[in-house]
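Undergrad: Return a 3D structure for these sequence lines:
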Amino acid sequence: MGSRRHAFGPFVIDPARGLLRDGAPVALGQRGLALLSALADAEGQAVSKAELMESAWPGTIVEEGNLTVQIAALRKALGNAPNGDDWIATVPRLGYRLPRTDIAGETALPERPALAVLPFQNLGGDTEQDWFADGVVAEIIGALARFHSFAVVSRVSSFVYKGRAIDVRQAARELDVRYVVEGSVRRAGDRLRITSQLVDGETGAHIWADQFDGAAEGVFDFQDRITETVATMVAPAISNAELARSRRERPGSLAAYDIFLKAHAHISAESQEDNTIAYRLLGEALAIEPGNPLILAHAAWVLEHRNAMGWPSAEPDDPQRCVAYARRALNQATGDPRVTTLCGMAILQTGKEYEWGLEVVRAAAATNPNDVLAVSAAGIATMHCGDLDDAARLLQRAIRLSGGGIAARLPLTGMAHLENIRGNHREALDWATRSLAINVNFDPTYWSLIAANAHLGRLPEARRILDEYRRVAPGVTMAGIRAGQPGKYPERIEPILAGLRIAGMAEA
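TA: Sure, this is the predicted structure:
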């Protein structure tokens, strides 16, 4: 066994005492301890099968099946993590990994935040309504489990609190989660009312809350609407809370996750300057965790966005770097729809591999149909490289999922571009105006606004917006925009370029 002390969850790997769980010894053989120590020494990184076999059987040639048997025994001894998964994760085509541990012996913060959905209270007194309340919670857990940016405790674990009055903070401690969703169900006549809220498990503070009212006879449609809304609202609320937590609690940390959160704030600003800062921060994070698929995917996204907007390059080989990051992230993604969405767009937009990129993005949206970014990207990719009617359906679903928040600017602008393609410039103007009200830094919104006004003969307004756009993105030309857009169907960018040309944008 290694010479360092590690801790993860309720476990401690002690050089003198072996594996402990809550202070009590856990029976493991010598090879099991050697494997667990090797995984812990990697601090959250994957360890190859060859390295693991060398650590457990040094200088000996053994069959790989021996390693499989030992890993299975370790998993059985450790049990499940709070989110229901194995503590030891399989990394396809490479080996295994253990969550990052703390050498000092304190439990380290998990790589991704964890969430529990507690059983909803039945306030109506009718025990027959329990099935409905339990069904809503089960559906919400299933929908949230599709998001890979946070872990979700299994229904079996969270339902131990059914019928119990318990403080949310206590439940969070016992389940080892940062966030808790709780709620209630009340039936009055033929009406049902559901309340739901996301709570900080440490402080008990409410982060997000909503109320749903509907007819009892439409119970299953009502349940679907609640599930979809809670899933799409909880995910960004957790993302925002994690960013605030990082700023508040660990401002000087060099952990890759903290750097990633800081970078993500700059990515969301969508300006040239913030894009440059985000790329620098992601480079720092990759220096710590060069194989982290989430960071690799966002590095690809930053460069893809730069290229698509026609902005100056960060490096001379930006397009090649972008695609290389995307390929590396896909190799490590293990099905994370957010990672595959960003990689698919990079491959399609920057790499110009249209069929592959489109399939990757569509697969991501199918994996998590409640992820606004995944559905938006599938709509935009389809608009560029697929059927326009399919694109419209995806974009309109994404608008509905966004709830009118900042995430809506992607599908709103996508609809504006699509209607410009169809020659419906009045409708394009309406969509783009709605998008601009949400975010004034998104270049394609300006493209559609300028083009729609120009095609409608409103040249003074088109030129006024072009002047605004030049302040947002100085130096951008039509040649730069054309080069950054997919070219499978060149005619789909032409209405935009023609409008920009009429308004007076420089060709090069």
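Undergrad: What average pLDDT does stretch 72-87 get?
TA: Stretch 72-87 carries an average pLDDT of 81.
Undergrad: what about that stretch, how long is it end to end?
TA: The stretch stretch 72-87 measures 11 Å between its terminal residues, going by CA to CA, to the nearest Å.
Undergrad: now stretch 159-168
TA: 14 Å.
Undergrad: got the buried residues for that stretch?
TA: Neighbour-count burial for stretch 159-168, with 16 or more other CB atoms under 10 Å as criterion, is recorded at Phe159, Tyr161, Val168. (C-beta placed from N, C-alpha, C; glycine too.)
Undergrad: can you check stretch 181-201 too?
TA: Buried positions in stretch 181-201, judged by neighbour count with 16+ other CB under 10 Å: 181-187, 192, 194-201.
Undergrad: hang on, Trp356 is in a strand, isn't it?
TA: No - counting by DSSP: H, G, I helix; E, B strand; the rest coil, Trp356 falls outside a strand, being helix.
Undergrad: so what's it closest to, chain neighbours aside?
TA: Leaving aside its chain neighbours, Trp356 sits nearest to Ile347 (5.9 Å; criterion: CB to CB, 6 or more residues apart in numbering).
Undergrad: any idea how far the closest residue in space to Arg362 that isn't next to it in sequence is from Val339?
TA: Distance criterion CB to CB, 6+ apart; nearest residue to Arg362, sequence neighbours excluded, is Ala378 at 5.2 Å. Plainly put, Ala378 is 15 Å away from Val339 if you go by CB to CB, to the nearest Å.
Undergrad: Among these two, which residue is more densely surrounded?
TA: For the pair Ala378 and Val339, the greater number of neighbours falls to Ala378 (30 against 27), based on other CB atoms under 10 Å.
Undergrad: residues in contact with that one?
TA: For Ala378, the contacting residues are Thr341, Val361, Arg362, Ala364, Ala365, Leu394, by CB atoms under 8 Å, 6 or more residues apart in numbering.
Undergrad: one more time with 7 Å, if that's ok
TA: Residues touching Ala378, when contacts are defined by CB atoms under 7 Å, 6 or more residues apart in numbering, comprise Val361, Arg362, Ala365, Leu394.
Undergrad: what does Arg426 give?
TA: Leu456.
Undergrad: Next SSE downstream of the helix or strand hosting it?
TA: With the criterion set as DSSP states H and E, the secondary-structure element containing Arg426 is helix 425-438. Proceeding C-terminally, helix 425-438 gives way to helix 443-455 as the next helix or strand, assigned by DSSP H and E.
Undergrad: what packs against that following helix?
TA: Here helix 443-455 is seen to pack against helix 409-421, helix 425-438, helix 459-472, helix 494-503 when contacts are counted using 3 or more CB pairs under 7 Å, 6 or more residues apart in numbering; DSSP states H and E.
Undergrad: Now do the buried residues in the second one.
TA: In terms of neighbour count (16+ other CB under 10 Å), helix 425-438 has its buried residues at His425, Glu427, Ala428, Leu429, Asp430, Trp431, Ala432, Arg434, Ser435, Leu436, Ile438.
Undergrad: I figured the first one was touching Asn453, is that so?
TA: Think His425. No - His425 is beyond contact range of Asn453, at 8.1 Å (criterion: CB atoms under 7 Å).
Undergrad: still on that earlier bit, can you put the helices and strands packed on helix 443-455 in a markdown table and add mean pLDDT and distance to Ala479?
TA: Formatted as a markdown table, the entries for the helices and strands packed on helix 443-455 read as follows, by pLDDT from 0 to 100; distance: least, CB to CB, whole Å:
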| stretch | mean pLDDT | distance to Ala479 |
| --- | --- | --- |
| helix 409-421 | 97 | 19 |
| helix 425-438 | 96 | 22 |
| helix 459-472 | 95 | 15 |
| helix 494-503 | 97 | 10 |
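Undergrad: For Ser37, find the nearest of those.
TA: Ranking the helices and strands packed on helix 443-455 by proximity to Ser37 (CB to CB) places helix 409-421 first, at 45.5 Å.
Undergrad: Report the inter-axis angle for the closest one versus helix 443-455.
TA: Taking axes from the mean of the first three to the mean of the last three CA atoms, to 10 degrees, one finds that helix 409-421 is oriented at 30 degrees with respect to helix 443-455.
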